[in-house]
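> here you go, sequence then predicted model.
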Amino acid sequence: MTPLRRRKPLEYQLWQDERDSVPTFTFLLRPRVIQLHQTCKLLCCLSGRPAPTVKWFKDKRELSKYDYTMTHSDGVVTMEIANCKVEDSGNYRCVATNAIGQDETSCVVIVEGAHVSTDQADLVNNLLRSGGNLKN
């Protein structure tokens, strides 16, 4: 009779369980200058556990997923502004929240049209003065 071989449990763990962590943007939004009627895609990368919920804002107003294409998959967060209009120019902010905390990243979007509005000129001047690092 052949002796029965029993598999011993490993004395070490092959993977490490991730601990809960505050949301952190690992790749920040970048300022964008886009031509009229083009599509602008804002992109940032995010980590955090449990998986954070993401909200997008233009200036102080929360944006709706019904008006914009928004994705959040494998730590990559995107929002698309289709058929850009001059009124789409402004400060955009992405806010990530979970039970542990919150983080945010922001950028300016400038849509170039036939004429430059006063608001657009202000956005450009603020962007140039800040070196691309705008804070709301």
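Perfect, thanks for sending it.
> what segments of this structure are strands?
21-27, 32-35, 40-49, 53-58, 61-62, 69-73, 76-81, 90-97, 102-112 (DSSP state E).
> which other helices and strands does the second one contact?
In this structure, strand 32-35 packs against strand 40-49, strand 102-112, with contacts taken as 3 or more Cβ pairs under 8 Å, 6 or more residues apart in numbering; DSSP states H and E. For every residue, glycine as well, the C-beta is placed using N, CA and C.
> partner strands of that strand, with direction?
Note on strand 32-35: by DSSP bridges, its sheet partners are strand 102-112 (parallel).
> got the buried residues for the strand it pairs with?
D103, E104, T105, S106, C107, V108, V109, I110, V111, E112 (16 or more other Cβ atoms under 10 Å).
> and the angle from the helix or strand of the chain with the lowest mean pLDDT to strand 102-112?
Scoring the helices and strands of the chain by mean pLDDT, DSSP states H and E places helix 118-130 at the bottom, with a mean of 74. Angle, helix 118-130 to strand 102-112, by axes from the mean of the first three to the mean of the last three Cα atoms, to 10 degrees: 120 degrees.
> got a list of contacts for helix 118-130?
P31, V86, S89, G90, N91, V108, I110, V111, V116, L134 (Cβ atoms under 8 Å, 6 or more residues apart in numbering).
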